[in-house]
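> When you get a sec, could you give me coordinates for this:
(one chain, ligands or ions: 1)
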Amino acid sequence: MKPARRERARGSPGMMKVSPGTGTPRRPGPRFPEARPGWEIGAGRMIDLTRPVVMGVLNVTPDSFSDGGRFTGPGEALEAAMAMVEDGADIVDVGGESTRPGAREVPESEELRRVLPFVRAAAHRLPVPLSVDTRKAGVARAALSEGAAIINDVSALAHDPEMGAAVAQAGAGVVLMHMRGSPETMASLARYRDVGAEVAAELREAVARALRAGVAPGRMVVDPGIGFAKNAEHSLALLGDLGAVVSLGYPVLVGPSRKSFLGAVLGAPADRRVPGTAAACVMAYLGGARIFRVHDVAPVRQALAVADAAMRAAGRDRNGGGET
Ligand code: HH2
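Model (predicted):
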């Protein structure tokens with residue numbers, strides 16, 4: 001592809017000069033000017049966003065759609081988390097409530113019983129930050145006080161009115177994910193005229209909600225919510241064009257791992273969607289996503305490492321000219 005066309009395809013100003021022969025821009029400059037180089041999370045830590053970040057999924061649920069019922073106790077779950085870190089996970093995300101389509105809400109006491117023993121065992125032993133996938137302020141507060149550093153809220157602070165304050169007071173990082181309704185009702189709400197624009201507009205409201213609660217902008221990450229109030233076509237359209245979501249100016253996380261939209265394309269069951277997951281992550285990475293929530297850490301890490309290396313070699317990495 002000719003460099004000039006490449007620039008246009010990426011939405012850059014079209015004026016950038018390119019050195020003959022190498023395709024390397026002479027004037028290094030941010031290709032995603034709004035994106036932040038780091039994500040501030042709890043305990044004064046910062047996640048480097050100048051390279052793709054892999055968040056490993058660890059569900060301590062009996063009923064998650066692809067990995068429920070794997071562990072009998074926190075020790076086993078910790079071993080699995082350690083293995084993910086060895087495979088290259090930068091963050092481990094633990095969840096105690098399945099949010100698959102149609103799933104019923106789990107009572108707070110049950111979610112705490114599932115999640116908290118693992119957080120206690122893992123937060124100070126894992127060499128990477130621990131994120132907790134929850135919609136409940138009570139679970140978030142307990143987990144943050146035990147050393148978790150990030151709250152991943154699939155309701156983007158809308159489910160529990162106390163959640164924003166819980167995140168803000170702890171100085172935690174937060175993932176604001178797009179969804180409509182709840183996991184029980186979301187399938188019927190998957191109606192869009194322009195899915196990218198509408199998801200971005202609704203995420204902007206989520207950001208405003210977080211700001212009102214006192215969450216600092218540098219602690220927020222946005223997520224288009226692949227498979228949440230989206231049919232396969234919507235999920236694919238978002239992965240193919242994240243432009244509107246990226247232009248909100250917050251780092252973008254995507255979670256395509258093993259999801260049903262991949263089944264719609266591949267006709268493969270959840271446990272045979274790893275290459276498809278890796279392709280979806282690379283696609284999202286090229287579109288500006290920076291954080292990838294996946295079950296299969298090693299293959300996705302590898303796919304993203306190659307994509308990142310190729311972008312840098314071509315001078316197309318996010319800071320331009322391979323300078324970082
Ligand atoms: N997807 C799931 C759960 N949490 N969080 C974010 N930020 N983004 C996602 O896409 C996302 C998420 C659903 O996947 P999984 O945890 O594997 O399944 P279940 O909800 O059945 O536990």
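> Those residues of this protein touching the ligand, which are they?
57, 59, 61, 64-66, 95, 98-100, 133, 152, 154, 175, 177, 223, 225-226, 253, 255, 293 (Cβ under 6 Å from any ligand atom). Any C-beta I mention is one placed from the backbone N, CA and C, and that applies to glycine too.
> and if we set it to 5 Å?
Contacts of the chain with the ligand, taken as Cβ under 5 Å from any ligand atom, map to 59, 64, 65, 98, 99, 100, 133, 152, 175, 177, 223, 255.
> For those residues, could you give me CSV that also reports neighbour count and secondary structure?
Below are those laid out as CSV (neighbours: other Cβ atoms under 10 Å; DSSP: H, G, I helix; E, B strand; the rest coil):
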residue, neighbour count, secondary structure
59, 24, strand
64, 21, coil
65, 17, coil
98, 20, coil
99, 25, coil
100, 16, coil
133, 27, strand
152, 27, strand
175, 25, strand
177, 27, strand
223, 28, strand
255, 29, coil
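> Could I get the residues you listed in a markdown table, plus columns for pLDDT and distance to residue 127?
A markdown table is the format used below for these (pLDDT from 0 to 100; distance: Cβ to Cβ, whole Å):
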| residue | pLDDT | distance to residue 127 |
| --- | --- | --- |
| 59 | 96 | 21 |
| 64 | 93 | 25 |
| 65 | 91 | 29 |
| 98 | 96 | 28 |
| 99 | 95 | 28 |
| 100 | 93 | 30 |
| 133 | 98 | 20 |
| 152 | 98 | 19 |
| 175 | 98 | 21 |
| 177 | 98 | 26 |
| 223 | 98 | 24 |
| 255 | 98 | 23 |
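> Show me which of these is closest to residue 115.
Closest to residue 115 out of the residues of the chain next to the ligand is residue 133 (8.8 Å), distances taken as Cβ to Cβ.
> isn't the closest one right next to residue 98, touching?
No - with contact defined as Cβ atoms under 8 Å, residue 133 does not reach residue 98; the gap is 10.0 Å.
> In the stretch 201-324 of the chain, what residue comes closest to the ligand?
Per Cβ to the nearest ligand atom, residue 255 is where the stretch 201-324 of the chain lies closest to the ligand, at 2.3 Å.
> so what's that residue up against?
Neighbour list for residue 255: 57, 177, 223, 225, 226, 227, 292, 293, 294 [criterion: Cβ atoms under 8 Å, 6 or more residues apart in numbering].
> For residue 92, which three-state class applies?
Three-state assignment for residue 92 (DSSP: H, G, I helix; E, B strand; the rest coil): strand.
> again with residue 39
Classified using three-state DSSP, residue 39 is strand.
> What separation do you get for it and the ligand?
Look at residue 39 and the ligand: by Cβ to the nearest ligand atom, to the nearest Å, they are 13 Å apart.
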